[in-house]
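Q: I need the structure of the sequence given here:
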Amino acid sequence: MHISQFTGFYPSRPFWAVSKVNFSEQSYDGWFHDQMVEEVFSDERETHTIKVCRDGRVMIRIESLEAIDDQVENIPIEETVKRWGDYLDYLNSYYLLLDSSTIEISNLAYFSLHEITNRDAFRIRYEDGKSVGENIAAESIASVFQMGRYLSSYRQDVPIEYDQRILMRQVISDDVIRHASEKFSAVVATPGLQKMLSSFAKSLSEYKVGNYETSIVLSWFITEEALSKLWQEHIEGLNEKFESGRRRVNRERKDFLTGRDFTISAISNLLELWGILPFEQFQKVDKVRGYRNKIVHSLGFVPGAGESQLALNVAKSMIGRIGNVEFTPSMGYSITGL
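A: Presented below is the predicted three-dimensional model:
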């Protein structure tokens, strides 16, 4: 028997993947459940697998994370916590790319993106290619969607196609899902990129509910990490080997150039002077750095939407520089009136 595990989630706004349920086909008892659980999209690769069901469930398997089960019999709790964190980075990355692809392909800002936590995600067990069990995300709206696969969870005195949970859904096309999955493959192929995208999703989530300070700080973490990577790549590019066998940048010199004496402010200035960071981009980076410092040092700075948007856009462009992955985030809010 072949056993495999996936980690799944539902976007907070439900959707039909590829096509909606055919409500005229009610000829047998399980007609609704069978259509809801149908895997309408699958992308299986050496490093990962993505499955999307008609009811909008997204399931992801990362081979490097699942391999731990095969190597360790009793997994320590610390390792389990870390693995959950790693999986959530991938899930948040895919959700961000799905949201972006819906905008890019269908010109539709459909999802109200939020951060996926371990309360929202759940594990699904497959045996010989068939789903046989799953955890219930009892503390999340995801549990409503999990139970929404069963006809018995709907009112019996109203035709199911008129239930609000059905009426609110729109179809997200195969092209959109495929586009997101292709970009996700590039993310999986670039170690560390999933953490940047996940942090961006968290920052965007905070922006959408008006938590501008948190959003700016999270965006700055992304920008700071990207600047450090560009700096390290530049130093490595200068590290030529002389005829004597000595390196231009030995360990001691590299430790100095990447140590505390070189602040991120100094690094961004040097990257601009060497033409690695365009001047206009440098100016934006410097502005966001100033916002972050005012927030962290409690200087009475109260940022607004404009400052948060700038921080997000700078972080997005830096992700593009590091990971060569472009995406289009939806900047709409996720709050209701008081």
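Q: do you know how far residue 111 is from residue 13?
A: 5 Å (C-beta to C-beta, to the nearest Å). All C-beta spots, glycine's among them, are computed from the backbone N, C-alpha and C.
Q: should've said residue 5
A: From residue 5 to residue 13 the distance is 26 Å (C-beta to C-beta).
Q: Equivalent analysis for residue 76, please.
A: 37 Å.
Q: sorry, back to before: looking at residue 111 and residue 13, which is more packed in?
A: A side-by-side neighbour count of residue 111 and residue 13, using other C-beta atoms under 10 Å, places residue 111 first with 21 against 16.
Q: Report the separation between that one and residue 135.
A: From residue 111 over to residue 135 (counting by C-beta to C-beta), the distance is 23 Å.
Q: repeat for residue 76
A: From residue 76 to residue 135 the distance is 20 Å (C-beta to C-beta).
Q: out of these two, which sits in the busier spot?
A: Shown here are residue 76 and residue 135; by other C-beta under 10 Å, residue 135 has more neighbours (14 against 9).
Q: Could you pull up the contacting residues of the more buried one?
A: Residue 135 makes contacts with 122-123, as judged by C-beta atoms under 8 Å, 6 or more residues apart in numbering.
Q: Also residue 169?
A: Residue 169 neighbours (C-beta under 8 Å, 6+ apart): 14-16, 20, 56.
Q: Output those residues in JSON lines, with secondary structure and distance to residue 199 appended to each entry.
A: Shown next, in JSON lines, are the contacts of residue 169 (DSSP: H, G, I helix; E, B strand; the rest coil; distance: C-beta to C-beta, whole Å):
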{"residue": "14", "secondary structure": "coil", "distance to residue 199": "26"}
{"residue": "15", "secondary structure": "coil", "distance to residue 199": "25"}
{"residue": "16", "secondary structure": "strand", "distance to residue 199": "30"}
{"residue": "20", "secondary structure": "coil", "distance to residue 199": "34"}
{"residue": "56", "secondary structure": "coil", "distance to residue 199": "25"}
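Q: quick one: which of the residues you listed is most hemmed in?
A: Neighbour max across those (other C-beta under 10 Å) = residue 15, 21 neighbours.
Q: Which parts of the protein are strands?
A: Under the criterion DSSP state E, the chain contains strands at 3-9, 16-17, 39-44, 48-53, 58-62, 122-127, 130-134, 171-172.
Q: Which one of the ones you listed lies nearest to residue 191?
A: Ranking the strands of the chain by proximity to residue 191 (C-beta to C-beta) places strand 58-62 first, at 12.0 Å.
Q: just checking, what packs against the closest one?
A: Judged by 3 or more C-beta pairs under 8 Å, 6 or more residues apart in numbering; DSSP states H and E, the packing partners of strand 58-62 are strand 3-9, strand 48-53, helix 77-106.
Q: go again using 6 Å as the cut-off
A: In terms of contacts (3 or more C-beta pairs under 6 Å, 6 or more residues apart in numbering; DSSP states H and E), strand 58-62 is packed against strand 3-9, strand 48-53.
Q: Many thanks, I have nothing further to ask.
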